[in-house]
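S.K.: Quick one, fold the following:
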Amino acid sequence: MEYQLDLTEAIDVIRATSLKLSEAKFKVDPLFSKSKSFEMSLRSSAGKRHGQIIEAAVRDALQTSDRILAYKIPKGDYSREVDVFCINKIDKQILAIDVKRGNGDHDSGKKKDMKQTTNDMTVEIKDNYPDYNVRHGFLHYYSDTKKGHVDKITLRELQIFSGVDVTKFVDHATMLYSREVDKISELRCA
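M.R.: Now for the predicted structure:
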C-alpha cells in the first residue's frame with residue numbers, strides 16, 4: 001500500500017535545523033585538519049539536534065490518528081513543556097510524553113529527577129483532567145526496550161494507544177535530515 005507521510009512539522013524543524021548547521025562556525029580541533037574537524041563537529045551537533053526532529057515526527061505521526069488528539073504543550077501551561085500530549089476523549093485517557101533520542105544509561109541522580117518529573121507532571125495534568133486516566137513517561141526512541149529506563153513509554157505502547165506506527169514517520173524524517181547534513185558536509189568540507 002502506497003501512502004504519503006505528512007511530515008509538515010518535522011520538515012519545518014529539519015529546515016530550521018539545517019539552516020543553523022549550515023551557518024555554524026566550529027573551532028578547529030588541533031588534532032585534525034580543518035575539514036575533518038568541521039566534519040566531526042557538524043555530525044556531533046547534528047546528532048544533538050536530532051531529538052527535536054524525532055519529537056516533531058512523532059507528533060506528525062500521531063496527528064494522523066483517528067483515536068486521539070496529539071500536540072505539544074509549551075512550558076507555562078504546566079511547570080514544564082510536554083513534547084507530545086495525547087488525549088483520547090472517548091476512553092478518557094491521556095498519555096504525556098517526553099521524547100528522548102538517546103539510548104544511554106542514566107545515573108541514579110538523573111533517574112531520580114526523571115521519576116520526580118513523571119510524578120509531578122501526572123499530578124499537574126490530573127488536576128486539569130480529573131476524570132481522565134493520566135500517564136506521563138519518557139519515550140527513549142533509540143533505546144533497547146530491555147533497559148530499565150524510568151517511566152518508559154515504548155513504541156509498541158504508543159502504537160497500541162494511537163493506532164499509528166510512528167517509526168515510519170521518524171525513519172523518513174531521519175533520512176531527510178541525514179541527507180541535509182550530508183549536503184552541508186559536502187558543501188562546507190569541499
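S.K.: Helix or strand with the lowest mean pLDDT in the protein?
M.R.: helix 108-128 (a mean of 80; mean pLDDT, DSSP states H and E).
S.K.: by contact count, what packs against that helix?
M.R.: Of the remaining helices and strands, those touching helix 108-128 by 3 or more CB pairs under 8 Å, 6 or more residues apart in numbering; DSSP states H and E are strand 93-100, strand 133-140. Placement of C-beta: from N, CA and C, glycine included.
S.K.: which parts of the last one are buried?
M.R.: This points to strand 133-140. The neighbour-count check on strand 133-140 (16 or more other CB atoms under 10 Å) flags V134, R135, H136, G137, F138, L139, H140 as buried.
S.K.: Export the least confident helix or strand of the chain to PDB, keeping only CA atoms.
M.R.: Extracted C-alpha coordinates of helix 108-128, given in PDB (Å, rounded to 0.1, in the frame of the first residue of the first chain):
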ATOM      1  CA  SER A 108      20.800   7.300  39.700                       C
ATOM      2  CA  GLY A 109      20.500  11.100  40.100                       C
ATOM      3  CA  LYS A 110      19.100  11.500  36.600                       C
ATOM      4  CA  LYS A 111      16.700   8.600  37.200                       C
ATOM      5  CA  LYS A 112      15.500  10.200  40.400                       C
ATOM      6  CA  ASP A 113      14.900  13.500  38.500                       C
ATOM      7  CA  MET A 114      13.000  11.700  35.800                       C
ATOM      8  CA  LYS A 115      10.900   9.900  38.300                       C
ATOM      9  CA  GLN A 116      10.100  13.100  40.100                       C
ATOM     10  CA  THR A 117       9.200  14.800  36.700                       C
ATOM     11  CA  THR A 118       6.800  12.000  36.000                       C
ATOM     12  CA  ASN A 119       5.200  12.200  39.400                       C
ATOM     13  CA  ASP A 120       4.900  16.000  39.200                       C
ATOM     14  CA  MET A 121       3.500  16.100  35.700                       C
ATOM     15  CA  THR A 122       1.000  13.300  36.400                       C
ATOM     16  CA  VAL A 123      -0.400  15.300  39.300                       C
ATOM     17  CA  GLU A 124      -0.500  18.600  37.400                       C
ATOM     18  CA  ILE A 125      -2.300  17.000  34.400                       C
ATOM     19  CA  LYS A 126      -4.700  15.100  36.600                       C
ATOM     20  CA  ASP A 127      -5.600  18.400  38.300                       C
ATOM     21  CA  ASN A 128      -6.800  19.700  34.900                       C
END
